[in-house]
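Provide a 3D model corresponding to the input given below.
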Amino acid sequence: MADPKGFLTTPRRELPARRPVDVRILDWREVYEQQESGQLERQAGRCMDCGIPFCHDGCPLGNLIPEWNDLVWRDEWQPAIERLHATNNFPEFTGRLCPAPCEGSCVLGINSEAVTIKQVEVSIVDRAWDEGWITPQPPERLSGRTVAVVGSGPAGLAAAQQLTRAGHTVAVLERADAVGGLLRYGIPEFKMEKRHLDRRLEQMAAEGTRFETGVEVGVEGFDAGALRDRYDAVVLAIGATAPRDLPVPGRDLGGVLQAMDYLPNANRAALDPTRDPRTSVPVSAAGKHVIIIGGGDTGADCLGTAHRQGAESVTQLEILPRPADARPDSNPWPTWPLVYRTSSAHEEGGDRVYAVSTTRLLGDEHGDVRSLELVEVTFVDGRFEPVAGSEREIPADLVLLAMGFVGPQRAGLVEQLGVDLDPRGNVARDQTFMTSVPGVFVAGDAGRGQSLIVWAIAEGRAAAAGVDAWLLAGASTLPRPIEPTSRPLAV
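This next block holds a predicted model:
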């Protein structure tokens, strides 16, 4: 264990500072300052000898959290990154983007504040990069087998890296103009600067993974048949990109669009030094009253982006009631704590309105949205019921739909492959992550449904083990951290 008395003597107050709001909304850099290493080591020392480390169960990757906490407390940083990489290909991604279900199940959290696991994790990997400890790990020999990974999000990248290191020839096929999936264009720069993604991709390329961008698999010229003919195995890591829509009057007005029709263009502009990210985009929030429908992480990404584009006002709507400030009795440890949280984007401004539902969108004479009508709701007998007399109208020049996703896109590759779907509309798979079509596997949100980045990486690693075993007639030595029937503690 780490410091035997650390959990008694050190409070959880030493966290990295966020840059001042009035400074950070003027740029797209990450919001957190670097934390002093002595503070971090003291926080790692709070990890206690709990007997059963429930953080292992809370983490889909099965990260060896007590082990690398102990190593950090002892100032043994290089062994710490080795233990971290034993279960997680990309801790620089999870340490920035994961909501940390491990902290929700930390034993210390029963009657105190959890260990700052997420901050220790990202500090380990950042230091490892700075020290040059992370280097390419090419395979000793090649198997002669080829694998196509369709999609370059975290699930696809994890599967590709594992399979490349196992000796297979792997091609990652990405339809966008750059590799990374939502990590590239869905996640704003202020949450994760893309230099972290780029240097990991450089490592993977040096190991032998081949990346092909601008490749739309499932269209004429490169359909499912051509894909199967060219590769011995296929991994579908195409995500759950079919968005949930808003079936209300006025949905077709100008200025009403899905979050993923807004964020990628904003992120592209923010990454291009020759463009003004406030104005050089098809749709900008500059000077507008912005309404975001959906209270999750995607909504918060829209919120922070709108602030940086110079929105006049931003309001985020959520149909659920406001969470409690502390765990309710119905939400005991070690389940994920459903409590009120303030992200860096919320700290920057805007209003959050809970327990409301949109009834219609109203337009102007040009066919553009001008306002949104909503009503307060209450949950009765398993459904939301409107509260009589609570209707009101709020101004809206730009309405962003951030209500989640309902599954993978079926048109094109999924339909051409003829894979079975489960009752939720996701691609069905067996215990090895193989679909109903032999040699075709699925990992991440395409098979699981919309979920967390840690689940995507865990599924990518597990699917790689399934592919490796199938190609080598069961002789795989790759780790398989999860079963495809596992369900997350948090979504």
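
Which positions in stretch 403-419 come out as buried?
Within stretch 403-419, the residues scored as buried using 16 or more other C-beta atoms under 10 Å are 403-409, 413-414, 416-417, 419. To be clear about C-beta, it is placed using only N, CA and C from the backbone, and glycine gets the same treatment.

for stretch 35-47, same thing?
Per 16+ other C-beta under 10 Å, stretch 35-47 contains these buried residues: 35, 39-47.

for stretch 131-144, same thing?
133-134, 143.

Stretch 334-352 now?
334, 336-337, 343-346, 348, 350, 352.

Using CSV, write out every CA atom in that stretch.
The C-alpha atoms that make up stretch 334-352 are tabulated as CSV, following Å, rounded to 0.1, in the frame of the first residue of the first chain:
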residue,chain,number,x,y,z
PRO,A,334,-20.0,1.5,-4.8
THR,A,335,-22.5,2.3,-7.5
TRP,A,336,-21.8,5.4,-9.7
PRO,A,337,-22.8,8.5,-7.6
LEU,A,338,-25.7,10.3,-9.4
VAL,A,339,-24.8,13.7,-7.9
TYR,A,340,-24.8,17.3,-9.2
ARG,A,341,-21.5,18.0,-11.0
THR,A,342,-20.0,21.2,-12.4
SER,A,343,-17.7,20.7,-15.4
SER,A,344,-15.2,23.3,-16.5
ALA,A,345,-17.7,24.4,-19.2
HIS,A,346,-20.5,25.0,-16.7
GLU,A,347,-18.1,27.0,-14.6
GLU,A,348,-17.6,29.3,-17.6
GLY,A,349,-21.2,30.4,-17.6
GLY,A,350,-24.6,29.6,-19.0
ASP,A,351,-27.8,28.4,-17.3
ARG,A,352,-28.9,24.9,-16.6
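
what does that stretch rub up against?
18, 21, 24-25, 31-32, 54, 57-58, 101, 104-105, 107, 109, 190, 295, 297, 300-301, 303-304, 306-307, 313-316, 318, 322-328, 331, 489-490 (C-beta atoms under 8 Å, 6 or more residues apart in numbering).

Show me what the helix or strand hosting T315 is in contact with.
Assessed by DSSP states H and E, T315 sits inside strand 313-318. The set of residues external to strand 313-318 that reach it, using C-beta under 8 Å, 6+ apart, is 285, 289-295, 299-300, 303, 306-307, 349-356, 358, 374, 394-395.

and what of stretch 445-456?
Against stretch 445-456 from outside (C-beta under 8 Å, 6+ apart): 59-61, 93-94, 97-99, 101, 151, 153-155, 158, 236-240, 404-405, 407-408, 424, 426-429, 433, 443-444, 459, 484, 488, 490-491.

Just the buried residues of the contacts of strand 313-318.
By 16+ other C-beta under 10 Å, these give 285, 289-295, 299-300, 303, 306-307, 350, 352, 354-356, 358, 374, 394-395 as buried.

so where do the strands sit in the stretch 351-491 of the chain?
351-354, 356-363, 369-380, 383-386, 392-395, 398-401, 405-407, 440-442 (DSSP state E, counting those that start in this stretch).

coming back round to it: in strands, which of the contacts of stretch 334-352 appear?
313-316, 318 (DSSP state E).

Quickly name whichever of those residues is closest to A269.
The nearest member of those to A269, counting by C-beta to C-beta, is V314 at 18.3 Å.

Next one: the closest residue to the closest one other than its chain neighbours from A300, what distance?
Counting by C-beta to C-beta, 6 or more residues apart in numbering, G350 is the residue found nearest to V314 once chain neighbours are left out, at 3.8 Å. Look at G350 and A300: by C-beta to C-beta, to the nearest Å, they are 10 Å apart.

Now R341: phi and psi?
phi -130, psi 150 (degrees, to the nearest 10).

what residue ranges in this structure are flagged as low confidence?
1-2, 485-491 (pLDDT under 70).

redo that, cut-off 80
1-2, 13-14, 37, 273, 277-279, 481, 483, 485-491 (pLDDT under 80).

Show me how it divides into domains.
Structural domains annotated on the chain: 6-131, 146-241+406-471, 247-401, as defined by automatic domain parsing.

for the ones in strands among the contacts of stretch 334-352, which one is nearest V387?
E318 (15.3 Å).

gap between that closest one and G296?
9 Å.

the more surrounded of the two?
When neighbours are counted by other C-beta atoms under 10 Å, E318 comes out ahead of the other of E318 and G296, with 20 against 15.

Bridged to the more buried one, which residues?
For E318, the beta-bridge partners are Y354 (DSSP bridges).

do you know how far it is from P154?
E318 is 26 Å from P154, by C-beta to C-beta.

for V437, same thing?
24 Å.

neighbour count winner among those two?
P154 (32 against 17).

shouldn't the more buried one be in contact with G181?
Yes: using C-beta atoms under 8 Å, P154 makes contact with G181 at a distance of 7.3 Å.

looking at it, H56 is touching G62, isn't it?
Yes: with contact defined as C-beta under 8 Å, H56 counts as touching G62 (5.7 Å).

Need the residues touching each of these two.
Contacts common to H56 and G62, judged by C-beta under 8 Å, 6+ apart, are absent.

hang on, the earlier thing: buried only: go through the contacts of stretch 445-456 for me.
Buried among the contacts of stretch 445-456 by 16+ other C-beta under 10 Å: 59-61, 93-94, 97-99, 101, 151, 153-155, 158, 236-240, 404-405, 407-408, 426-429, 433, 443-444, 459, 484, 488, 490.

Which of these fall in helices?
Under the assignment DSSP state H, these contribute 93-94, 97, 101, 154-155, 158, 459 to helices.

for the residues you listed, which one is nearest H366?
Distances from H366 to those, taken as C-beta to C-beta, are shortest for L97 (38.5 Å).

what sits up against stretch 189-197?
Outside stretch 189-197, the residues touching it (C-beta under 8 Å, 6+ apart) are 24, 28-31, 92-93, 96-97, 180, 183-184, 267, 270-271, 301, 304, 308, 344.

hang on, I meant stretch 213-225
So stretch 213-225 is in contact with 148, 150, 173-179, 227, 412-414, 416-417, going by C-beta under 8 Å, 6+ apart.

Test my guess that F211 contacts R200.
No: with contact defined as C-beta under 8 Å, F211 does not reach R200; the gap is 11.9 Å.

Output stretch 317-325 in PDB, but only the C-alpha positions, please.
The C-alpha atoms that make up stretch 317-325 are tabulated as PDB, following Å, rounded to 0.1, in the frame of the first residue of the first chain:
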ATOM      1  CA  LEU A 317     -32.000  21.900 -20.900                       C
ATOM      2  CA  GLU A 318     -32.400  18.600 -19.200                       C
ATOM      3  CA  ILE A 319     -35.600  16.500 -18.900                       C
ATOM      4  CA  LEU A 320     -34.400  14.800 -15.700                       C
ATOM      5  CA  PRO A 321     -34.600  16.600 -12.300                       C
ATOM      6  CA  ARG A 322     -31.600  18.300 -10.800                       C
ATOM      7  CA  PRO A 323     -29.400  15.600  -9.100                       C
ATOM      8  CA  ALA A 324     -28.700  15.800  -5.400                       C
ATOM      9  CA  ASP A 325     -25.500  17.400  -4.000                       C
END
